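Colleague: need coordinates for the below:
(one chain, ligands or ions: 1)
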Amino acid sequence: MPSVFLVGSGPGDPDLLTVKALRLLQQADVVLYDSLVGEKILELVSNRARLVDVGKRCGKTSAAQAEICRLLVREARAGQRVVRLKGGDPMVFGRATEEMDALRQAGIAFEVVPGITAATAAAAALQISLTRREVARSVHFLTGHGAAGGLPAHDWVALARGGGTLAVYMGAQTLPGLAAHLVEAGMAPATPALAVENASQPGQRVLRGTLGGLPRVLSAAAPEGPVLLLIGQALAEDMAAQGALAVALAE
Ligand SMILES: C[S@@+](CC[C@H](N)C(=O)[O-])C[C@H]1O[C@@H](n2cnc3c(N)ncnc32)[C@H](O)[C@@H]1O
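Modeller: The predicted model follows:
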């Protein structure tokens, strides 16, 4: 029986927690949670559990990550039933590898409980399919923030020519560079692009534009919550329905 559970909390709406995640939160002795895990979800944790905030919005340093790994191992060795609660899905840009490695090295059994990732939460909120038939045959999950800080060196040509939907995590700051690389690699500046802030939460906001225009739209909107970017022709219908594509193209 595992004593540590790496649990995805989903994008923020408590109704999007899995039944298993909820049960584990109610049985936990200690919950180590990230900053993207909202208050409403923490309210579901058992009253007798200790809540430990180990989060920092993206750009977590490796020193802080090493400390989280040590804490996980220490709590498990102390006989505690540990829930490591992460925003979205633990296996999508969730630093799960470091924690699983630390637990394996310590000989501690663990289980991973998936959560709804930001890209699919955003798609649900917008009522668009990321894999719209005949339009997008693939979805690419990208980070806009590499391990060394700043925009990572993606294969821009493959992304620009692949014809899939791009879902960019941690990309709000680096969107101008990302858009410039994609355009330089051959993606049309008129490609529909949008940003979803706080997907699934009460403060949800959708900012629509084109690949060429979204950096300016986003900068003017100055989002404070987490932002997921979606880029690709699969969004065209949503944009048209909102009358946003014509506006964006006219800009
Ligand atoms: C460190 S990554 C964690 C991703 C998470 N594991 C997941 O599966 O969604 C943090 C990034 O996820 C995205 N994100 C997470 N929750 C979000 C939300 N509710 N709305 C929009 N973007 C979100 C943002 O791009 C944010 O910068």
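
Colleague: alongside the ligand, which residues does the chain contribute?
Modeller: 11-12, 36, 58, 86-89, 92-94, 117-118, 169-170, 196, 198-201, 226-228 (CB under 6 Å from any ligand atom). (Glycine included, C-beta is placed from N, CA and C.)

Colleague: so which of these sit within strands?
Modeller: Among the residues of the chain next to the ligand, the members found in strands (DSSP state E) are 86, 169, 196, 227-228.

Colleague: tell me how many other residues crowd residue 104.
Modeller: The local packing of residue 104 (other CB atoms under 10 Å) involves 11 other residues.

Colleague: how much space separates the residue in the chain that the ligand sits nearest to from residue 241?
Modeller: In the chain, the residue that lies nearest the ligand is residue 88 (1.9 Å; CB to the nearest ligand atom). Using CB to CB, to the nearest Å, one gets 26 Å for the distance from residue 88 to residue 241.

Colleague: between these two, which is the more surrounded one?
Modeller: The neighbour comparison of residue 88 against residue 241 (other CB under 10 Å) goes to residue 88, with 29 against 12.

Colleague: show me the contact partners of the helix or strand where residue 215 lies.
Modeller: In the assignment (DSSP states H and E), residue 215 maps to helix 214-221. Contact with helix 214-221 is made by 172, 175-176, 179, 193-195, 197, 205, 207-209, 227, 229, 248, as judged by CB atoms under 8 Å, 6 or more residues apart in numbering.

Colleague: which one of those residues is nearest to residue 109?
Modeller: Distance to residue 109, by CB to CB, is smallest for residue 227 among the contacts of helix 214-221, at 36.0 Å.

Colleague: what's around residue 16, how many residues?
Modeller: 20.

Colleague: list the contacts for it?
Modeller: Residues near residue 16 by CB under 8 Å, 6+ apart: 10, 115-116, 121, 200.

Colleague: by neighbour count, which of the residues you listed wins?
Modeller: With neighbours taken as other CB under 10 Å, the top of the contacts of residue 16 is residue 10, carrying 28 neighbours.

Colleague: where do the helices sit along the stretch 1-150 of the chain?
Modeller: With helices called from DSSP state H, counting those that start in this stretch, the stretch 1-150 of the chain shows them at 19-27, 39-42, 62-77, 96-105, 118-126.

Colleague: what residues sit buried inside the last one?
Modeller: Neighbour-count burial for helix 118-126, counted by 16 or more other CB atoms under 10 Å, picks out 118-123, 125-126.

Colleague: now the fourth one
Modeller: Within helix 96-105, the residues scored as buried using 16+ other CB under 10 Å are 96, 98-100, 102-103.

Colleague: what's that helix in contact with?
Modeller: By CB under 8 Å, 6+ apart, the residues outside helix 96-105 that reach it are 4, 6, 65-66, 68-70, 72-73, 76, 84, 86, 90, 109-110, 112.

Colleague: tell me what residue 142 is bridged to.
Modeller: Judged by DSSP bridges, the bridge partners of residue 142 are residue 168.

Colleague: that one contacts residue 170, correct?
Modeller: No: Residue 142 is not in contact with residue 170 according to CB atoms under 8 Å; the separation is 9.2 Å.

Colleague: which stretches of the stretch 1-150 of the chain have low pLDDT?
Modeller: 56-63 (pLDDT under 70).

Colleague: can I have the buried ones of the residues of the chain next to the ligand as a ChimeraX selection?
Modeller: Filtering the residues of the chain next to the ligand down to the buried ones (16+ other CB under 10 Å) takes a single ChimeraX command:
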select :11,12,36,86,87,88,89,92,93,94,117,118,169,170,196,198,199,200,201,226,227,228
